[in-house]
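Engineer: Starting from these lines, generate the structure:
(chains A and B)
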Protein chains: 2
Amino acid sequence: MKKIFLLVILVTMSGPSLADEGMWTLDNFPSAAVKDKYGVDITDAWLETVKSSVARMDSGCSASFVSATGLVLTNHHCTLSCIAQNSTSDSDLEADGFLAVRPEDEVACPTDRLSVLVETEQITSKVAAATAGKAGKEAGEMRRRTLKRLVQECENAAGLKCESVVLYQGGEHWLYKYKRYDDVRLVFAPESDIAAFGGDPDNFNFPRWCLDMSILRVYEDDKPAATPNHLKWRTEGLDPGEAMFVAGRPGRTQRLLTVSDLKFLRNTTIPHWLLRNVELRGRYIQYARSSDEARRIVNAPLQGVENGIKVQRKRLDALHDDALFVQKIAAEQKLRAAVAADPELAAAVGSAWDDIERANAAYLEFREDYLFIEVGAAFQGKLFNYARSLIRAAAEKEKPNQDRLKPYTEAALPRTKQLTLADRPIYPELETLQLSFSLDKMREFLGPDSIFVRQILGKKSPSALAAELVSETDLADPAVRTRLWNADWKTIQASKDPMIRLALAVDEKARALRKRYEDEVEAPTDLAYERIAKARFAIQGTDVYPDATFTLRISYGAHEGWNEKGTDVRPWTTVSELFPRVTGAEPFRLPASWGDAADTLDGSTKFNFVGTTDIIGGNSGSPVIDKDGKLVGLIFDGNIHSISGSYWFDSEFNRSVAVHPEIMIESLRSIYSADHLLQEMGLE
Amino acid sequence: MKKIFLLVILVTMSGPSLADEGMWTLDNFPSAAVKDKYGVDITDAWLETVKSSVARMDSGCSASFVSATGLVLTNHHCTLSCIAQNSTSDSDLEADGFLAVRPEDEVACPTDRLSVLVETEQITSKVAAATAGKAGKEAGEMRRRTLKRLVQECENAAGLKCESVVLYQGGEHWLYKYKRYDDVRLVFAPESDIAAFGGDPDNFNFPRWCLDMSILRVYEDDKPAATPNHLKWRTEGLDPGEAMFVAGRPGRTQRLLTVSDLKFLRNTTIPHWLLRNVELRGRYIQYARSSDEARRIVNAPLQGVENGIKVQRKRLDALHDDALFVQKIAAEQKLRAAVAADPELAAAVGSAWDDIERANAAYLEFREDYLFIEVGAAFQGKLFNYARSLIRAAAEKEKPNQDRLKPYTEAALPRTKQLTLADRPIYPELETLQLSFSLDKMREFLGPDSIFVRQILGKKSPSALAAELVSETDLADPAVRTRLWNADWKTIQASKDPMIRLALAVDEKARALRKRYEDEVEAPTDLAYERIAKARFAIQGTDVYPDATFTLRISYGAHEGWNEKGTDVRPWTTVSELFPRVTGAEPFRLPASWGDAADTLDGSTKFNFVGTTDIIGGNSGSPVIDKDGKLVGLIFDGNIHSISGSYWFDSEFNRSVAVHPEIMIESLRSIYSADHLLQEMGLE
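Structural biologist: Residues are numbered from 1 along each chain as shown, chains lettered A, B, ... in the order given. Here you go, the predicted structure:
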């Protein structure tokens, strides 16, 4: 462990380094370092091609265009919600897979949306000017209002969709301008037995054999969109050791957090999250045993929570690794010492680190109230979320744009509307399970004598109240939701729907908690990080990458394995190794279509592979690209060591895991008879 | 927090102190300190009365004699297994309560056993002589064998039941000699709705309203045992602020652990335990929803796991409290510095602290294998445990006593036999749930590619294998188990019962892991703690109390509340405050018998109360005793702050929680019409 630890210190404390560390923005890509290490020229044209071919799935994944007529490649697990929305007890697309033979067979993904980055604009100085001279709470208020204004001005001017982005924990503010596709349809999905072969036991592991791919298509005006910028396949994939690049939208890393914030994660946030969600997992699993239909219904939420548990569990392990805190404390002390040695900088940074510590102490006083009441941990399930969106949309739409809560600003409203009104199946049993569970946890964590808990439960048990609310609300009906979306605040207030009434009953308290969070936690923390970021730029230079923010980044590395407890892990798997692993029992069984695949497919066909690129959750669906800009793989996971990448990058062990082009092309051809798609992608 | 922290340092670093800290052995009770603080004389006669009136329930609780003819007072939750063993779907004693009107109505508790301490004998020097000059692994081996021999010699000589006891983490070895009652019967239990009013939400909280009492009776030769030494009631209980004493069997504290061991708990043991058991809780809860019978069956294991979760969760919180580690590190450094300053001591202590750190590192390499395969985390449920006991009993009985695994030595064999052969209900659905869950976790933690996991599961899923094993084994039948208990090793090896076959299949690997644990972890750790204990005696004197070891201890303190976030908590509750808390929904509903209790009972009757006595799990069922040796309460819980008592004692907040004599007597009289019991206890 010592050796790794020293290496990590080196790479984290200096700028670009020998390790393949970093999720880089395009304006600051370390082309020179890549040239040094891999002898590859990353040109502006290469970067431009990547930018225009790579998309964000707004539900939380990455994707890329793979034909001129709108075909999109992403992971099967990124399309699970679309697949579930198009499934019924008679037609289970998750179990059976899906292939649209003709364009008119492609089915809508009602809650999906794709965004392609067109341009970026730095607005750091505008934000700084607006907040200049303001203290914590007022600065926070002004920052939020200014960003909403700038986003709206951007949308009005650009004809594009705009979002504000914070980089370097407040060191930079940007506007990101997107072309947006609202009409997304499902074209191809394999059966989940092969897409997620190995299930939760194999999740975050390697060697792997997952055909974790789906193909979507974006439409404009009800016709396949023209996507002239798209990736071409390099069918044989990468050579061992060859340079590789991953372009996508990594969701969140926390490598620049202060020691106080890391301790807060370790001591409070992560254990609390696990305590709730591990129990929910148990409830889901036992519910799945009650019937085949229950198993189908609960599959997607169960997969989601199991993935989250593995991530949080390994994050907690990382934070319990003494070496991590030794390094973080040393790095923080070094930075603080450098700041202290420079009077001008010291004056500018002020008590930033202590401010964060104080904000955390303040947060602890009301964190559970905030989490359960405002963030919604007390009210899980779609129905309450619909109710809250409907009442807040009505209330917020009556306010000026800058005064609204963010999801209800003009720029964000279309997405909120899509998520609220989309016609999705509602399963009362699942809704009751989720709501009953979360009310139960509310009582457990806030205590049975909490005034709020008594107000909500009255004389009822959590399960009785949940069953009653779910059976009596009309919000499962999209027509009812549409009517309420279009209603004004007064009409909403008069609604007799019990879920709307519940949302109304908690709203004042919930908003007050949000305000308290913004004023007492977010504002001082944001200000403190902004100052620390400036200090870091001043001392370490700007040749560094920001923490991930679900915006476009490129990582670089090599197609290489690692050494696991003395054994070299070969960086790819083949089809012939899959079959000995099949037990016939979930999650190690093959779908019927793969029954004679052992005869159909060439055993040497490469299946999954790994590389040293630095990725994190949100990179799912990212294309792996070679030095010439060709598509050579599809990221779908990281190895188990990659999870600690939230806090630091361990180049010796951290690996990204991808689907190999050979198995994608071979299975489309030999198993799924999708020649028309291969042709469209230029592969026949 | 600062203030508490300083106080704790003071009390933990010096001997007896102003705080009511400590679970004291009788030979070292701090009578002088009690006299100083409370003006009370604790005489040898007082101690002798307490010793002979207080019993250990070998299932893990404390108890006391309360009549001359064998009546035993303990907690309802300490008799849950007896209650469940005597319940059926037609007669649910847990829901409905139980009262034996005549002696012949008293029902057997087939897995319970009571032990009363008669005398103790220090054997530290005998153990030291046997292990003198031996290194870690050999010393461990010799220590285990010596203790088994001394226990057996003791039993042969004393006509009593003997157990070896380690105090001060190896600083002292003792023989504890017990009078044992194997025939225990249930006399009275209230309905669980009032015994555990408030359920899990209120567990470890105060104010409380729980009638957490049961009455048992011990028998000898099928007649009520003569118990001339028993406690007399002081019906009005304690005055506010009055001195109080708790006598019982606190299970385990870990206040003398090294920093390395505390970190191991924080980083590994507790998170891992929670990850498994929180999911099991979710599975139990969802299973309980499937039918009324399921709810009845799963209630006892669910209560057990929920209690454990609350304890482990709060222990983790305590270990995540920076102040705790600051104090523990400072204390350890101070002790180490004192050792280093004394060359003779330094030579005797050697590398003890580093040895523990090394043992922990070694343990991490195989801890999960050991836990799942040998400790049995992979094979939960009664049926596998029966199988393992049966095969090991047969194998071990063929060996000399000193070579056997401890549960199969002559002294321990009767208890193992009782637990294995007792006629208890087996619920196949629950067994399948538990086994399926634990096989699932085995695969999750050891990984699907573990050779052991593949050996166990083959091509089956955990749930399919569990269902098959549970339905095909005959071990649910006590007659089958009795036959196998009496069979020899060869017969067992030829058994075709699939659960026996499974236990046989894993036994070699399991025993090898135990051996590895004993040699690489336990032996060096025991030796190191023995040396540290000697250093601590040399530097701090012997006027200290040892960590709890499930042996007889007395704590002292006062009947006092505490201040919770600015509010004084009154140290008792009354009947009239109960009714506004009743919702009618579990766990806040009253049983039918309590329906008109509001009219029947005097509202000012005291219900539960708290005091500053230092207790921990295992103290459940302990009598609270006054300065005159009278019974003034029944410990059943601690407040939420008491859980951190595992690691340190926080006198400002840590409180024990007890049932008040007034409510016990009043409810026996007015609600349960148990006048015959009151009379027997000298109360009419």
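Engineer: what's the single longest helix in chain A?
Structural biologist: helix A:292-319 (DSSP state H).
Engineer: give me phi/psi at the closest residue to chain B within the stretch 401-550 of chain A?
Structural biologist: Ranked by CB to the nearest CB, the top residue of the stretch 401-550 of chain A for proximity to chain B is A:Ser461, at 3.7 Å. (Each C-beta comes from the backbone N, C-alpha and C, glycine too.) Per-residue torsions, A:Ser461: phi -80, psi 160 (degrees, to the nearest 10).
Engineer: burial of the nearest residue to it once chain neighbours are set aside, as a residue count?
Structural biologist: Spatial nearest neighbour of A:Ser461, excluding adjacent residues (CB to CB, 6 or more residues apart in numbering or on different chains): B:Ala585 at 3.7 Å. B:Ala585 has 16 neighbours, counted by other CB atoms under 10 Å in any protein chain shown.
Engineer: picking that back up, which neighbouring elements make contact with the next helix-or-strand element following the longest helix of chain A?
Structural biologist: Moving toward the C-terminus from helix A:292-319, the next helix or strand (DSSP states H and E) is helix A:322-340. Packing partners of helix A:322-340 (3 or more CB pairs under 8 Å, 6 or more residues apart in numbering or on different chains; DSSP states H and E): helix A:2-13, helix A:259-264, helix A:343-349, helix A:523-540.
Engineer: Which elements pack onto the next helix or strand after the last one?
Structural biologist: Right, the one you point to is helix A:523-540. Downstream of helix A:523-540, the first helix or strand assigned by DSSP H and E is strand A:553-558. Using 3+ CB pairs under 8 Å, 6+ apart, the elements in contact with strand A:553-558 are helix A:31-38, strand A:243-248.
Engineer: Pick the most deeply packed of these.
Structural biologist: With neighbours defined as mean count of other CB atoms under 10 Å in any protein chain shown, the helices and strands packed on strand A:553-558 peak in mean count at strand A:243-248, which reaches a mean of 27.
Engineer: What pairs with that one, parallel or antiparallel?
Structural biologist: strand A:553-558 (antiparallel), strand A:623-625 (antiparallel) (DSSP bridges).
Engineer: Next, format the ones you listed as JSON lines and append mean neighbour count and mean pLDDT.
Structural biologist: As requested, the strands paired with strand A:243-248 are exported to JSON lines (neighbours: other CB atoms under 10 Å in any protein chain shown; pLDDT from 0 to 100):
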{"stretch": "strand A:553-558", "mean neighbour count": "26", "mean pLDDT": "98"}
{"stretch": "strand A:623-625", "mean neighbour count": "28", "mean pLDDT": "98"}
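Engineer: okay, these in CSV with distance to B:Arg281 next?
Structural biologist: Below are the strands paired with strand A:243-248 laid out as CSV (distance: least, CB to CB, whole Å):
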stretch, distance to B:Arg281
strand A:553-558, 39
strand A:623-625, 41
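Engineer: right, so of these, which gets closest to A:Leu465?
Structural biologist: The closest of the strands paired with strand A:243-248 to A:Leu465 is strand A:553-558. By CB to CB, the value is 44.2 Å.
Engineer: What is the neighbour count of A:Ala294?
Structural biologist: Number of residues near A:Ala294 (other CB under 10 Å) recorded here: 18.
Engineer: Over to the one 5 residues further on?
Structural biologist: For A:Asn299, the tally of surrounding residues (other CB under 10 Å) stands at 21.
Engineer: Setting aside sequence neighbours, what's the nearest residue to it?
Structural biologist: A:Glu94 (6.4 Å).
Engineer: any idea how far that neighbour is from B:Ser461?
Structural biologist: With distances taken as CB to CB, to the nearest Å, A:Glu94 is found 18 Å from B:Ser461.
Engineer: Name the residue in those two with the higher neighbour count.
Structural biologist: Shown here are A:Glu94 and B:Ser461; by other CB under 10 Å, A:Glu94 has more neighbours (23 against 20).
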